[in-house]
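A.B. asks: Here is a sequence together with a model predicted from it:
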Amino acid sequence: MGNVVAQTTFRLTTVPASTPAGATVYMAGTVNNWSPASAAHAFSRNPDGTYQLTLPATVTGTIEFKFTRGSWATVESDAQNNDISNRQYTVGSGPATIELQVVNWKDMGTTGGSCQSTALQPNVRVLSTGFQIPQLGRTRRVWVYLPNDYATAPAKRYPVLYLHDGQNVFDACTSFSGEWGVDETLSQLQQQGLDATGSIVVAVDNGGADRLNEMSPWNNPQYGGQGDQYVDFMVQTLKPAIDQQYRTLTGREYTGIAGSSMGGLISTYAALKYPQVYGRVGVFSPAFWFAQAPLFQYLRQHPANPATRFYFVSGTQESQTMVPLMQAMRDSLSRGGVPAANLSFNVKADGQHAEWFWKREFSAAYQWLMQPAVVTGTHAGRLALAFSAYPNPAKDRLTLQLPASLREARVEVLDMSGRVVLRDKVKAGGVLDVSRLAKGQYQLRVTAGREQGTQALAKE
């Protein structure tokens, strides 16, 4: 006698009355890497108005999930339009039918009106709702957080932290399962005197149905793999625009990137591909399993800059591979030359793959990442120079901004082999003539006394 195939069927007995008649309802969860519009997990509509989805028999164990209408903007919420926790169900050995209800959709608001934004004003603004991503042929909403003293300290320049999944960074209304509260956290740290520098935060919305595609650096047969173009966009298009529009510290020592889950994976990859751009990396519950073999192979071929700080954090219960793979990444970075002082590894017993956990852990991660990196080798003992050099890409002239305490600095331009191709002394606010450089990619090194800073430089 053959084996009996045990399948689990989910039945939605009621959905909000406001649900559009032709709407498709999806299950998004651990069964499909949280894809909000997975065709394989679309519910069929029954004549009686209920919705039904039968999972394949290969799905076993405990699954977590939510229901959507095809995007995270249309995820389910509670009666007050608040985010709900992930649903959980343990698939048993026999067939089963589970009846559930959807109370509300996030984009439908509450019966009393629309969601009230929680983005901290006036610190948070939307830079653009349709920022061009030429590398992907798409547009995206981009958010910017400015420190408390940005308007009152016009001569001050700031580090920049780039975050993924921008919908979830500042505002509960745009989040799909809770916000990180980065704006409130950073403003409070400044008010408490725990963050004297302050930081600009740039948050890029994910691509919805294209999220896995954009955050996978290597092609995945099911989800695609445009992560390479996405990190190129952040370095070649987004960062130059931010450096042009805001008072940023442009060097790698003051530029960070961070994200959770697939955002943790793509942040790690970005730091390996662009070691002269990012000096700080926040890795929250990374989905290293999604591209395990190519990621570790890439790391062997592209060792991290030893002066890069990596902060890892996850929970013990997130998945069987979460902590082991995160530990393997830390150990690989260590073997590749990153000193232990630049690697922070944090495993929390109560941690979950959820926004509330990343929100809680963000403050500690940020404060650790903002500390100076330990520098090894010939430049050991040097301090990070807080400079700005722009525009980048540069055509003929490069303007240099230095700390108020410095009058001039030694500037060197190195080609990709490390050979110095241009050397000069530039006064604060002065200009470096780069007109004779061939078009291409270079490294800029700025030195003043014991202080030194570096950044990638593109010549047009």
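C.D. replies: Structure's in. What do you need?

A.B. asks: ranges for the strands of the stretch 151-300 of the chain?
C.D. replies: 160-163, 200-204, 255-260, 280-284 (DSSP state E, counting those that start in this stretch).

A.B. asks: Show me the helices in the protein, by range?
C.D. replies: For the chain, the helices defined by DSSP state H cover 182-191, 211-215, 227-233, 239-245, 262-273, 292-301, 322-335, 355-369.

A.B. asks: sorry, back to before: can you convert the strands of the stretch 151-300 of the chain into CSV and add a column each for mean pLDDT?
C.D. replies: Converted to CSV, these look like this (pLDDT from 0 to 100):
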stretch, mean pLDDT
strand 160-163, 98
strand 200-204, 98
strand 255-260, 98
strand 280-284, 98
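
A.B. asks: Could I get those in TSV, plus columns for distance to A291 and mean neighbour count?
C.D. replies: Where C-beta positions appear, they are placed from N, C-alpha and C, glycine not excepted. TSV is the format used below for the strands of the stretch 151-300 of the chain (distance: least, CB to CB, whole Å; neighbours: other CB atoms under 10 Å):
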stretch	distance to A291	mean neighbour count
strand 160-163	20	24
strand 200-204	20	25
strand 255-260	14	28
strand 280-284	14	27
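
A.B. asks: Which among these is found nearest to V411?
C.D. replies: strand 255-260 (18.5 Å; CB to CB).

A.B. asks: Identify all contacting residues around that closest one.
C.D. replies: Strand 255-260 is touched from outside by 159-165, 199, 234, 239, 249, 266-267, 270-271, 277-286, 311, 355, 358, 365, 369, 455, with contacts defined as CB atoms under 8 Å, 6 or more residues apart in numbering.

A.B. asks: Excluding residues flanking it in the chain, which one is nearest P403?
C.D. replies: A386 (5.4 Å; CB to CB, 6 or more residues apart in numbering).

A.B. asks: re earlier: I'd like the strands of the stretch 151-300 of the chain laid out as JSON lines, including distance to Q301.
C.D. replies: As requested, these are exported to JSON lines (distance: least, CB to CB, whole Å):
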{"stretch": "strand 160-163", "distance to Q301": "24"}
{"stretch": "strand 200-204", "distance to Q301": "27"}
{"stretch": "strand 255-260", "distance to Q301": "20"}
{"stretch": "strand 280-284", "distance to Q301": "18"}
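
A.B. asks: what's the closest of the ones you listed to V31?
C.D. replies: strand 255-260 (19.4 Å).

A.B. asks: where exactly do the strands run in the stretch 301-450 of the chain?
C.D. replies: 309-315, 343-348, 383-384, 388-390, 397-401, 408-414, 420-427, 431-433, 440-448.

A.B. asks: closest one to S344 among the helices of the chain?
C.D. replies: That would be helix 355-369 among the helices of the chain, by CB to CB, at 5.3 Å.

A.B. asks: circling back to that earlier point, is there a neighbour count for the residue nearest to P403? I'd like the number.
C.D. replies: 22 (other CB atoms under 10 Å).

A.B. asks: residues touching it, list them.
C.D. replies: 157, 249, 251, 254, 403, 453.

A.B. asks: least confident pick among those?
C.D. replies: Least confident entry in the contacts of A386, by pLDDT: P403, with 92.

A.B. asks: Could you report the distance from that one to T197?
C.D. replies: 12 Å (CB to CB, to the nearest Å).

A.B. asks: do the same with Q132
C.D. replies: Taken as CB to CB, the span from Q132 to T197 is 30 Å.

A.B. asks: F387 now?
C.D. replies: 14 Å.
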